[in-house]
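Chemist: Sharing a model that was predicted from the sequence below.
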Amino acid sequence: MPSFLLFKDKRLEERKQRRGFSLPPEMPSRRVAVIGAGAAGLVAARELRREGHAPVVFERAAAVGGNWLYDDSPASAASAADLLGAGGVHSSLYASLRTNLPRECMGFLDFPFVPDDGAGTMGSYSDDPPRFPGHKEVLRYLEAFARLFDLHGLVRFETEVVRVRRDDSSAGWKVSYCSRKLGHGSNEREEVFDAVVVCNGHLAEPHIANIAGIDTWPGKQIHSHNYRVPDSFHGQVVVVIGSAPSGHEISRDIAGVANEVHVARRSPAISEMQSTARPNLWLHPMIERVEEDSSVVFKDGSRVKADAIVHCTGYKYNFPFLGDDAGIYVDDNRVGPLYQHVFPPHLAPHISFIGLHIKALLFPLFQLQSNWVAGVLSGRIKLPSQDEMMEHVATFYREMEADVCPKRNTHSLGACTYKYEDWLAEQCGHEKIEGWRKEMFIAALKNFALRRESYQDEWDDDHLLPQAHQDFAKYL
């Protein structure tokens, strides 16, 4: 074997040891089904195996990555009438998508998301060094994570979970699944697991805006889930609903080829039409109605005749494999009842959910939630009683209602993300989230609000980078 390969293998083993790759002391081991091999599923599998469990990961796609696995032709998998639906694809990425958080704060806590330095310290995955890289860079990062921790062997690719139900003969769960590798026809199989960890993501079931008159409106509609490139909107008048990061970026993407782009926003600051730095892009309040002559009428009374409406209106949580016996509901995008967004009190710890949150430091959150679940399953970490967990859930819901916070925001953390993650870290016996990471996240939120046109290329948090890279050094 060439000497440089021996050196690389030695460095890989050293890095595995530094990251706690060896198995823990003898503890109760569970056979655990993990649904999904995206970022949440991968780190869940790693944390479960570290704890001594035996995870089996079910992934419907042919590779790891989940939503970060780009599908460039959703229209080929969906009929024109299904451009508002899931469209037969899982990924919601569009070609121009870049991260909306700086890479330094969004990576796993012990696997820094940094550009490759040329020495192979991160598996030579990096090909996109900016702080807000494109989606391909995130996929390469997740692939490198899976390689380093030898996770591919735990994943059953092209295998879709179709049903999860209780096993009457044990305390376990029956998981029914179909393998797409086995060809056509019925190939459903079933296995029993001690526990199930749900990591199927929440960016695959589109939420569509309810618009008066839409049934007779003659234009084209598409949800951002099925948007990839702006070419089909060339020379058109397009209305984009939503101004969160996806709506913001897609509207600018389409403005490069369309005659006009009109963005309908829920923001109370928008009470009438406003111009932007782009001469063919305007901001409006939300849509009041649409009409048969192709008009779109906004709440301030302004109107445009549009060729297309793009719904950048978010997604609905969906767990089609869970039956009624699970006792888990989705009500106005609230998944419940869940103790700390993870454990259904009446089923804990045998079913858990990783990664339901939005507007959060997601990869660190996935890691901490996964470590918590793994520790609870082994008995290293104790949960409150079922009654105590249910009371906690009820109190949380009452507090949301008192604060006039809608149900749909149940799993939205925003600037409070680090408080929740610090709580998780405490449960797991880990250090709290680094101070620089918290500051960087808050700075990114503010920067998006202040520099919506350039937040991915201009920022004011360079003073946090030295501490970040100092902390990264122990993992590289």
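Modeler: Sure thing, it's come through. Keep in mind that this is a model prediction, so the values were computed, not measured.
Chemist: rest of the way, CA atoms for contacts and neighbours
Modeler: Will do.
Chemist: Roughly how far does residue 363 sit from residue 354?
Modeler: 11 Å (Cα to Cα, to the nearest Å).
Chemist: Beyond the helix or strand encompassing residue 399, next helix or strand please.
Modeler: Residue 399 is part of helix 386-402 when elements are defined by DSSP states H and E. The first helix or strand that comes after helix 386-402 along the chain, using DSSP H and E, is helix 417-428.
Chemist: Next, the buried residues of that next one.
Modeler: 417, 418, 421, 422, 423, 424, 425, 427, 428 (16 or more other Cα atoms under 10 Å).
Chemist: Measure how far it is from the centre of its chain, please.
Modeler: 19 Å (Cα atoms, centre = their mean, to the nearest Å).
Chemist: what's it packed up against?
Modeler: helix 362-378 (3 or more Cα pairs under 8 Å, 6 or more residues apart in numbering; DSSP states H and E).
Chemist: Direction-wise, compare the helix it packs on with helix 417-428 and give the angle.
Modeler: On the basis of axes from the mean of the first three to the mean of the last three Cα atoms, to 10 degrees, helix 362-378 is oriented at 30 degrees to helix 417-428.
Chemist: Look up how far residue 157 lies from the nearest residue to residue 38 once chain neighbours are set aside.
Modeler: Of all residues not flanking residue 38 in the chain, residue 66 sits nearest, at 3.8 Å (Cα to Cα, 6 or more residues apart in numbering). Distance of residue 66 to residue 157, given as Cα to Cα: 11 Å.
Chemist: and the buried residues of helix 417-428 as TSV, adding distance to residue 136 and pLDDT?
Modeler: Shown next, in TSV, are the buried residues of helix 417-428 (distance: Cα to Cα, whole Å; pLDDT from 0 to 100):
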residue	distance to residue 136	pLDDT
417	26	84
418	27	85
421	27	95
422	30	95
423	32	97
424	30	97
425	30	97
427	34	97
428	32	97
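Chemist: and residue 56, that's in a strand?
Modeler: Yes: under DSSP: H, G, I helix; E, B strand; the rest coil, residue 56 falls within a strand.
Chemist: That one contacts residue 30, doesn't it?
Modeler: No: applying Cα atoms under 8 Å, one finds residue 56 not in contact with residue 30, separated by 10.8 Å.
Chemist: Which is the succeeding secondary structure element to the worst-scoring helix or strand of the chain on mean pLDDT?
Modeler: When the helices and strands of the chain are compared on mean pLDDT, DSSP states H and E, helix 3-18 comes out lowest with a mean of 42. Past helix 3-18, further along toward the C-terminus, the next helix or strand under DSSP H and E is strand 31-35.
Chemist: Mind giving me the packing neighbours of that following strand?
Modeler: Partner elements for strand 31-35 (3+ Cα pairs under 8 Å, 6+ apart): helix 39-50, strand 54-58, strand 188-193, strand 195-198.
Chemist: Show residues contacting the second one.
Modeler: Under the criterion Cα atoms under 8 Å, 6 or more residues apart in numbering, residues 29-37, 41, 45, 48-49, 154-157, 159-161 lie in contact with strand 54-58.
Chemist: Let's see that with 7 Å instead.
Modeler: 30-37, 45, 48-49, 154-157, 159-161 (Cα atoms under 7 Å, 6 or more residues apart in numbering).
Chemist: tell me which element the most centrally placed residue in the chain is part of?
Modeler: What sits nearest the mean C-alpha location of the chain, by Cα atoms, centre = their mean, is residue 201, with 5.7 Å. Assigned by DSSP H and E, residue 201 belongs to neither a helix nor a strand.
Chemist: measure it to residue 278 for me?
Modeler: In terms of Cα to Cα, residue 201 sits 34 Å off from residue 278.
Chemist: Check residue 380 too.
Modeler: For residue 380, the distance to residue 278 - Cα to Cα - is 56 Å.
Chemist: same check, this time on residue 257
Modeler: From residue 257 to residue 278 the distance is 12 Å (Cα to Cα).
Chemist: Pick out whichever of those two has more residues nearby.
Modeler: Set residue 257 next to residue 278 and count neighbours by other Cα atoms under 10 Å: residue 257 wins out with 16 against 12.
Chemist: Quick check: closest non-adjacent residue to the more buried one.
Modeler: residue 234 (4.8 Å).
Chemist: these two touch, right, that neighbour and residue 255?
Modeler: No: judged on Cα atoms under 7 Å, residue 234 makes no contact with residue 255 at a distance of 9.0 Å.
Chemist: now the strands for the stretch 201-350 of the chain?
Modeler: 220-223, 237-241, 260-264, 274-275, 281-284, 287-290, 295-298, 303-305, 308-311, 329-331, 334-336 (DSSP state E, counting those that start in this stretch).
Chemist: lowest-confidence stretch among those?
Modeler: Among these, strand 274-275 carries the lowest mean pLDDT, at a mean of 82.
Chemist: Strand partners (parallel or antiparallel) of that strand?
Modeler: strand 281-284 (antiparallel) (DSSP bridges).
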